[in-house]
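> quick one, structure for this:
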Amino acid sequence: MTVEWRPSAAQEVLQARARFLKKIRAFFEERGVCEVDTPLLCQYAVTDPHIDAFEVPVTAETTYFLQTSPEYAMKRLLAAGSGPIYQMCKAFRRGEVGRLHNPEFTMLEWYRPLWDHHALMDEMDAFLNHILCTPPAERVTYLDLFQQYVGIDPHTMTVEALRHVVERQGIMLAGVAAQEDFTRDTYLELLMSHIIEPHLGVNGVPTFVHDFPASQSALAKLRRVSEVVYVAERFEVFLEGAEWANGFHELTDADEQRARFVHDQQARQACGLPFRAIDHRLLAALPQLPHCAGVALGVDRLFLRWIEKRQLSEVLSFDWLHA
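Numbering: from 1, shown residues only. Model prediction:
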(Lines give C-alpha, C1' and ligand atoms only; values in the text may rest on other atoms or scores of the structure.)
Protein backbone atom coordinates (compact mmCIF):
# COMPACT_ATOMS: atom_id res chain seq x y z
CA MET A 1 0.00 0.00 0.00
CA THR A 2 1.30 3.45 -0.95
CA VAL A 3 1.05 5.97 1.88
CA GLU A 4 0.85 9.65 0.94
CA TRP A 5 3.10 11.43 3.41
CA ARG A 6 3.92 14.61 1.52
CA PRO A 7 2.49 18.05 2.43
CA SER A 8 -0.88 19.08 1.02
CA ALA A 9 0.56 22.39 -0.21
CA ALA A 10 3.55 22.93 -2.50
CA GLN A 11 6.79 24.14 -0.95
CA GLU A 12 6.64 27.48 -2.73
CA VAL A 13 3.14 28.02 -1.29
CA LEU A 14 4.35 27.26 2.24
CA GLN A 15 7.23 29.70 1.80
CA ALA A 16 4.77 32.33 0.55
CA ARG A 17 2.58 31.62 3.60
CA ALA A 18 5.50 32.47 5.89
CA ARG A 19 5.90 35.82 4.11
CA PHE A 20 2.16 36.37 4.33
CA LEU A 21 2.07 35.83 8.12
CA LYS A 22 5.02 38.21 8.47
CA LYS A 23 3.04 40.82 6.51
CA ILE A 24 0.10 40.47 8.93
CA ARG A 25 2.35 40.87 11.96
CA ALA A 26 4.00 43.94 10.43
CA PHE A 27 0.59 45.63 10.15
CA PHE A 28 -0.04 45.30 13.89
CA GLU A 29 3.53 46.09 14.92
CA GLU A 30 3.34 49.39 13.04
CA ARG A 31 0.13 50.23 14.93
CA GLY A 32 1.38 49.28 18.40
CA VAL A 33 -0.94 46.28 18.83
CA CYS A 34 0.62 43.61 21.05
CA GLU A 35 0.63 39.96 19.98
CA VAL A 36 -0.64 37.60 22.71
CA ASP A 37 -0.89 33.86 23.25
CA THR A 38 -3.78 32.17 25.07
CA PRO A 39 -4.64 28.50 25.78
CA LEU A 40 -6.15 26.34 23.07
CA LEU A 41 -7.34 23.77 25.61
CA CYS A 42 -9.82 25.26 28.10
CA GLN A 43 -12.43 24.23 30.64
CA TYR A 44 -15.31 25.89 28.77
CA ALA A 45 -16.65 25.87 25.23
CA VAL A 46 -18.93 28.43 23.62
CA THR A 47 -22.66 28.01 24.20
CA ASP A 48 -23.49 29.12 20.62
CA PRO A 49 -25.77 26.42 19.11
CA HIS A 50 -24.23 26.98 15.67
CA ILE A 51 -20.66 26.22 16.79
CA ASP A 52 -19.54 22.83 18.10
CA ALA A 53 -16.25 22.29 19.93
CA PHE A 54 -14.06 19.18 20.13
CA GLU A 55 -14.08 17.55 23.56
CA VAL A 56 -10.75 16.35 24.98
CA PRO A 57 -10.61 14.04 28.03
CA VAL A 58 -7.84 15.37 30.28
CA THR A 59 -8.33 12.93 33.16
CA ALA A 60 -10.83 10.15 33.81
CA GLU A 61 -13.15 12.73 35.38
CA THR A 62 -12.30 15.94 33.49
CA THR A 63 -13.08 17.03 29.94
CA TYR A 64 -11.68 20.18 28.35
CA PHE A 65 -12.41 21.73 24.95
CA LEU A 66 -10.29 22.79 21.97
CA GLN A 67 -11.16 26.43 21.48
CA THR A 68 -13.32 27.57 18.59
CA SER A 69 -11.97 31.10 19.08
CA PRO A 70 -9.53 32.80 21.49
CA GLU A 71 -12.15 35.46 22.27
CA TYR A 72 -12.98 34.66 25.89
CA ALA A 73 -9.35 34.44 27.00
CA MET A 74 -8.44 37.62 25.10
CA LYS A 75 -11.26 39.51 26.78
CA ARG A 76 -9.92 38.43 30.15
CA LEU A 77 -6.54 39.91 29.12
CA LEU A 78 -8.25 43.14 28.07
CA ALA A 79 -10.07 43.30 31.41
CA ALA A 80 -6.69 42.92 33.15
CA GLY A 81 -5.34 45.99 31.32
CA SER A 82 -3.54 44.52 28.31
CA GLY A 83 -4.32 47.41 25.96
CA PRO A 84 -4.79 46.71 22.21
CA ILE A 85 -4.01 43.07 21.40
CA TYR A 86 -4.11 40.57 18.55
CA GLN A 87 -3.59 36.85 18.20
CA MET A 88 -2.99 34.41 15.35
CA CYS A 89 -3.68 30.90 16.56
CA LYS A 90 -5.22 27.56 15.71
CA ALA A 91 -8.96 27.19 16.27
CA PHE A 92 -11.05 24.04 16.02
CA ARG A 93 -14.68 23.47 15.00
CA ARG A 94 -16.46 20.15 14.59
CA GLY A 95 -18.24 19.47 11.33
CA GLU A 96 -16.57 22.21 9.30
CA VAL A 97 -15.12 20.26 6.39
CA GLY A 98 -15.03 21.20 2.72
CA ARG A 99 -13.27 23.18 0.00
CA LEU A 100 -13.21 26.29 2.21
CA HIS A 101 -13.46 24.59 5.62
CA ASN A 102 -11.01 22.63 7.72
CA PRO A 103 -11.76 21.42 11.29
CA GLU A 104 -8.42 22.95 12.35
CA PHE A 105 -7.75 26.41 10.99
CA THR A 106 -5.79 29.57 11.73
CA MET A 107 -7.74 32.50 13.14
CA LEU A 108 -6.70 36.14 13.44
CA GLU A 109 -8.50 38.09 16.15
CA TRP A 110 -7.83 41.58 17.48
CA TYR A 111 -9.30 44.05 19.97
CA ARG A 112 -9.15 47.80 20.32
CA PRO A 113 -9.97 49.37 23.71
CA LEU A 114 -11.94 52.63 23.59
CA TRP A 115 -13.04 51.99 19.98
CA ASP A 116 -16.51 51.23 18.62
CA HIS A 117 -17.32 49.03 15.62
CA HIS A 118 -17.16 51.97 13.20
CA ALA A 119 -13.56 52.79 14.21
CA LEU A 120 -12.69 49.11 13.88
CA MET A 121 -14.25 49.01 10.42
CA ASP A 122 -11.83 51.79 9.47
CA GLU A 123 -8.90 49.65 10.62
CA MET A 124 -10.31 46.51 9.00
CA ASP A 125 -10.52 48.44 5.74
CA ALA A 126 -6.88 49.50 6.12
CA PHE A 127 -5.90 45.92 6.93
CA LEU A 128 -7.50 44.55 3.76
CA ASN A 129 -5.80 47.25 1.73
CA HIS A 130 -2.45 46.36 3.36
CA ILE A 131 -2.85 42.62 2.70
CA LEU A 132 -4.90 42.39 -0.52
CA CYS A 133 -4.53 45.93 -1.95
CA THR A 134 -8.31 46.29 -2.00
CA PRO A 135 -9.95 49.66 -2.72
CA PRO A 136 -11.88 51.45 0.05
CA ALA A 137 -14.76 49.30 1.27
CA GLU A 138 -18.44 50.01 0.78
CA ARG A 139 -20.55 50.22 3.96
CA VAL A 140 -24.24 49.44 4.16
CA THR A 141 -26.72 48.59 6.89
CA TYR A 142 -28.51 45.26 7.13
CA LEU A 143 -31.81 47.15 6.72
CA ASP A 144 -30.69 48.89 3.52
CA LEU A 145 -29.64 45.59 1.96
CA PHE A 146 -32.98 43.92 2.64
CA GLN A 147 -34.87 46.92 1.33
CA GLN A 148 -32.74 47.01 -1.82
CA TYR A 149 -32.71 43.30 -2.73
CA VAL A 150 -35.84 41.90 -1.06
CA GLY A 151 -38.02 44.97 -0.53
CA ILE A 152 -38.76 44.35 3.16
CA ASP A 153 -37.88 45.66 6.61
CA PRO A 154 -36.12 42.72 8.31
CA HIS A 155 -36.47 44.26 11.76
CA THR A 156 -40.26 44.39 11.88
CA MET A 157 -41.63 41.53 9.75
CA THR A 158 -43.28 38.60 11.52
CA VAL A 159 -42.16 35.02 11.15
CA GLU A 160 -45.22 34.23 9.03
CA ALA A 161 -44.59 37.17 6.70
CA LEU A 162 -40.95 36.18 6.31
CA ARG A 163 -41.97 32.61 5.49
CA HIS A 164 -44.13 33.88 2.62
CA VAL A 165 -41.28 36.07 1.35
CA VAL A 166 -38.90 33.11 1.36
CA GLU A 167 -41.44 30.94 -0.47
CA ARG A 168 -42.02 33.64 -3.10
CA GLN A 169 -38.26 33.82 -3.65
CA GLY A 170 -38.29 30.06 -4.34
CA ILE A 171 -35.38 29.29 -2.05
CA MET A 172 -36.92 26.80 0.37
CA LEU A 173 -34.98 23.57 0.11
CA ALA A 174 -36.88 20.46 -0.91
CA GLY A 175 -37.36 17.98 1.91
CA VAL A 176 -37.12 20.53 4.73
CA ALA A 177 -39.73 19.21 7.16
CA ALA A 178 -39.42 21.58 10.11
CA GLN A 179 -40.43 24.87 8.51
CA GLU A 180 -43.03 25.41 11.21
CA ASP A 181 -40.16 25.49 13.70
CA PHE A 182 -38.10 28.05 11.78
CA THR A 183 -37.37 31.30 13.62
CA ARG A 184 -37.21 34.82 12.18
CA ASP A 185 -33.44 34.47 12.00
CA THR A 186 -33.70 31.21 10.05
CA TYR A 187 -35.72 32.94 7.34
CA LEU A 188 -33.53 36.05 7.42
CA GLU A 189 -30.41 33.91 7.03
CA LEU A 190 -31.98 32.11 4.05
CA LEU A 191 -32.74 35.43 2.37
CA MET A 192 -29.31 36.80 3.23
CA SER A 193 -27.37 33.80 1.93
CA HIS A 194 -29.44 33.08 -1.19
CA ILE A 195 -30.54 36.53 -2.36
CA ILE A 196 -28.24 39.19 -0.91
CA GLU A 197 -24.75 37.79 -0.31
CA PRO A 198 -24.01 37.03 -4.00
CA HIS A 199 -24.16 40.80 -4.62
CA LEU A 200 -21.72 41.73 -1.85
CA GLY A 201 -18.03 42.51 -2.29
CA VAL A 202 -18.09 42.18 -6.07
CA ASN A 203 -15.38 43.51 -8.38
CA GLY A 204 -12.83 43.27 -5.58
CA VAL A 205 -14.48 45.97 -3.46
CA PRO A 206 -15.16 44.75 0.11
CA THR A 207 -18.63 45.32 1.56
CA PHE A 208 -19.05 45.98 5.28
CA VAL A 209 -22.56 45.16 6.51
CA HIS A 210 -23.49 46.58 9.92
CA ASP A 211 -26.44 47.08 12.30
CA PHE A 212 -27.71 43.49 12.34
CA PRO A 213 -30.98 42.45 14.06
CA ALA A 214 -30.77 42.38 17.85
CA SER A 215 -31.52 38.63 17.78
CA GLN A 216 -28.19 38.16 15.96
CA SER A 217 -26.22 40.08 18.56
CA ALA A 218 -24.14 37.21 20.08
CA LEU A 219 -21.54 39.19 22.05
CA ALA A 220 -22.33 42.68 20.72
CA LYS A 221 -23.87 45.77 22.29
CA LEU A 222 -27.41 46.71 21.24
CA ARG A 223 -28.56 50.18 20.12
CA ARG A 224 -32.12 51.43 20.00
CA VAL A 225 -33.09 52.88 16.62
CA SER A 226 -36.87 53.26 17.08
CA GLU A 227 -39.61 52.70 19.63
CA VAL A 228 -39.63 48.95 18.94
CA VAL A 229 -36.37 48.17 17.12
CA TYR A 230 -32.89 47.53 18.49
CA VAL A 231 -29.90 46.64 16.33
CA ALA A 232 -26.68 44.84 17.17
CA GLU A 233 -23.54 46.97 16.87
CA ARG A 234 -21.62 44.44 14.82
CA PHE A 235 -20.40 44.07 11.26
CA GLU A 236 -19.53 41.39 8.74
CA VAL A 237 -17.08 41.77 5.87
CA PHE A 238 -17.92 40.31 2.46
CA LEU A 239 -15.73 39.87 -0.58
CA GLU A 240 -16.85 38.20 -3.81
CA GLY A 241 -20.09 37.05 -2.21
CA ALA A 242 -18.50 35.32 0.80
CA GLU A 243 -18.17 36.36 4.45
CA TRP A 244 -14.59 37.05 5.51
CA ALA A 245 -14.74 38.59 8.98
CA ASN A 246 -17.06 39.26 11.90
CA GLY A 247 -16.66 42.28 14.20
CA PHE A 248 -18.38 43.56 17.34
CA HIS A 249 -18.76 46.59 19.56
CA GLU A 250 -18.25 44.31 22.54
CA LEU A 251 -20.87 43.73 25.22
CA THR A 252 -19.58 44.53 28.72
CA ASP A 253 -22.78 43.89 30.72
CA ALA A 254 -22.25 40.59 32.59
CA ASP A 255 -25.94 40.17 33.43
CA GLU A 256 -26.99 40.61 29.81
CA GLN A 257 -24.23 38.27 28.66
CA ARG A 258 -25.32 35.61 31.17
CA ALA A 259 -28.90 35.88 29.88
CA ARG A 260 -27.70 35.39 26.31
CA PHE A 261 -25.66 32.34 27.32
CA VAL A 262 -28.72 30.84 29.04
CA HIS A 263 -30.75 31.47 25.89
CA ASP A 264 -28.05 29.66 23.89
CA GLN A 265 -28.21 26.72 26.29
CA GLN A 266 -31.96 26.50 25.82
CA ALA A 267 -31.54 26.62 22.03
CA ARG A 268 -28.94 23.84 22.21
CA GLN A 269 -31.29 21.72 24.29
CA ALA A 270 -34.15 22.27 21.82
CA CYS A 271 -31.87 21.09 18.99
CA GLY A 272 -30.66 18.05 20.92
CA LEU A 273 -27.10 19.39 21.11
CA PRO A 274 -24.68 18.64 23.98
CA PHE A 275 -24.94 20.87 27.04
CA ARG A 276 -22.25 23.56 27.35
CA ALA A 277 -21.58 25.17 30.73
CA ILE A 278 -21.28 28.96 30.96
CA ASP A 279 -17.76 30.36 31.23
CA HIS A 280 -18.05 32.10 34.60
CA ARG A 281 -14.49 33.43 34.38
CA LEU A 282 -15.51 35.50 31.36
CA LEU A 283 -18.58 36.81 33.18
CA ALA A 284 -16.45 37.73 36.20
CA ALA A 285 -14.08 39.68 33.92
CA LEU A 286 -16.73 41.60 31.97
CA PRO A 287 -17.29 44.38 34.54
CA GLN A 288 -13.59 45.25 34.14
CA LEU A 289 -13.64 44.97 30.34
CA PRO A 290 -13.04 48.41 28.82
CA HIS A 291 -15.32 49.82 26.14
CA CYS A 292 -13.84 48.11 23.07
CA ALA A 293 -14.37 46.54 19.66
CA GLY A 294 -13.03 43.27 18.27
CA VAL A 295 -12.94 41.37 14.99
CA ALA A 296 -12.01 37.86 13.85
CA LEU A 297 -11.22 36.38 10.44
CA GLY A 298 -9.87 33.18 8.96
CA VAL A 299 -6.21 33.47 7.95
CA ASP A 300 -6.24 30.41 5.68
CA ARG A 301 -9.04 31.83 3.53
CA LEU A 302 -7.35 35.20 3.41
CA PHE A 303 -4.13 33.56 2.25
CA LEU A 304 -6.12 31.54 -0.30
CA ARG A 305 -7.28 34.81 -1.81
CA TRP A 306 -3.81 36.38 -1.59
CA ILE A 307 -2.09 33.53 -3.45
CA GLU A 308 -5.03 32.91 -5.82
CA LYS A 309 -5.71 29.25 -5.05
CA ARG A 310 -9.10 27.50 -5.01
CA GLN A 311 -9.24 25.29 -1.91
CA LEU A 312 -7.73 25.19 1.56
CA SER A 313 -5.83 21.95 0.95
CA GLU A 314 -3.62 23.94 -1.45
CA VAL A 315 -2.50 26.37 1.27
CA LEU A 316 -2.22 24.15 4.37
CA SER A 317 0.89 22.13 5.14
CA PHE A 318 -1.38 19.17 5.89
CA ASP A 319 -5.13 19.44 5.46
CA TRP A 320 -7.51 17.31 7.57
CA LEU A 321 -7.26 14.32 5.19
CA HIS A 322 -3.47 14.23 5.53
CA ALA A 323 -2.99 15.39 9.12
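
> low-confidence ranges, the stretch 151-300 of the chain, go.
Along the stretch 151-300 of the chain, the parts satisfying pLDDT under 70 run over 172-180.

> report the contact partners of residue 229.
For residue 229, the contact set (CB atoms under 8 Å, 6 or more residues apart in numbering) comprises 155, 156, 214. The C-beta positions use only the backbone N, C-alpha and C, and glycine is treated the same way.

> now do residue 299
Counting by CB under 8 Å, 6+ apart, the residues that residue 299 touches are 21, 24, 88, 105, 106, 107, 108.

> how are the strands of the chain distributed by residue range?
Counting by DSSP state E, the chain forms strands over residues 34-35, 41-42, 55-57, 63-66, 85-92, 104-113, 138-141, 207-213, 222-224, 230-239, 242-249, 292-298, given from the N-terminal end onward.

> pull up the pairing partners for the fourth one, direction included.
Paired strands of strand 63-66, with direction, are strand 41-42 (antiparallel), strand 55-57 (antiparallel) (DSSP bridges).

> kindly report the same for the fifth one.
In the sheet containing strand 85-92, its partner strands are strand 34-35 (parallel), strand 104-113 (antiparallel), by DSSP bridges.

> just put the ones you listed in TSV and tack on mean pLDDT.
Converted to TSV, the strands paired with strand 85-92 look like this (pLDDT from 0 to 100):
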stretch	mean pLDDT
strand 34-35	98
strand 104-113	98
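
> got a markdown table for the ones you listed, with mean neighbour count and distance to residue 12 too?
Compiled in a markdown table, those are given as follows (neighbours: other CB atoms under 10 Å; distance: least, CB to CB, whole Å):
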| stretch | mean neighbour count | distance to residue 12 |
| --- | --- | --- |
| strand 34-35 | 13 | 26 |
| strand 104-113 | 21 | 19 |
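
> once you drop chain neighbours, what's closest to residue 39?
Closest residue to residue 39 in three dimensions, ignoring its sequence neighbours and counting by CB to CB, 6 or more residues apart in numbering: residue 73, at 6.3 Å.

> let me have the strands of the chain in JSON lines, adding distance to residue 77 as columns.
Supplementary listing: the strands of the chain in JSON lines, determined by distance: least, CB to CB, whole Å:
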{"stretch": "strand 34-35", "distance to residue 77": "9"}
{"stretch": "strand 41-42", "distance to residue 77": "14"}
{"stretch": "strand 55-57", "distance to residue 77": "23"}
{"stretch": "strand 63-66", "distance to residue 77": "19"}
{"stretch": "strand 85-92", "distance to residue 77": "6"}
{"stretch": "strand 104-113", "distance to residue 77": "9"}
{"stretch": "strand 138-141", "distance to residue 77": "29"}
{"stretch": "strand 207-213", "distance to residue 77": "26"}
{"stretch": "strand 222-224", "distance to residue 77": "25"}
{"stretch": "strand 230-239", "distance to residue 77": "21"}
{"stretch": "strand 242-249", "distance to residue 77": "16"}
{"stretch": "strand 292-298", "distance to residue 77": "11"}
